[in-house]
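Colleague: let's see this in three dimensions:
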Amino acid sequence: MTITLEIQPEIERGLLARAEARGISMTAFVEEIVAREAHVGTGQELIDVCARVRGLADDLDISRNPSSGRAVDLS
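Modeller: Below you'll find the model as predicted:
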């Protein structure tokens, strides 16, 4: 489907700035907005969230102690 929109210049500038900040075209940005409002997931939201949290736990020591500290009866 093709839709033509007449957008006020200040709104266009705002959309363009937000699209550029995300590194995508304004067309792709507007398509995301429409998909979100139509409740159609593009999957991009999950990708964006994962990108924001990637590497946050890299410096954490989450190794497990292999000894439970108690006897276990496996009979």
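Colleague: for this structure, which spans come out with low pLDDT?
Modeller: Along the chain, segments meeting pLDDT under 70 span 40-42, 68.
Colleague: longest single helix anywhere in it?
Modeller: As assigned by DSSP state H, the longest helix anywhere in the chain is helix 9-22.
Colleague: just checking, what packs against that one?
Modeller: helix 26-37 (3 or more C-beta pairs under 8 Å, 6 or more residues apart in numbering; DSSP states H and E). Quick note: C-beta positions are derived from backbone N, CA and C, even for glycine.
Colleague: report the inter-axis angle for the helix it packs on versus helix 9-22.
Modeller: 90 degrees (axes from the mean of the first three to the mean of the last three C-alpha atoms, to 10 degrees).
Colleague: centre of the chain to helix 26-37, how far?
Modeller: 14 Å (C-alpha atoms, centre = their mean, to the nearest Å).
Colleague: so what touches that helix?
Modeller: If you take C-beta atoms under 8 Å, 6 or more residues apart in numbering as the criterion, helix 26-37 is touched by 12, 15-16, 18-19, 22, 24, 41-42, 44-45.
Colleague: weed out the non-buried ones from those residues.
Modeller: A19 (16 or more other C-beta atoms under 10 Å).
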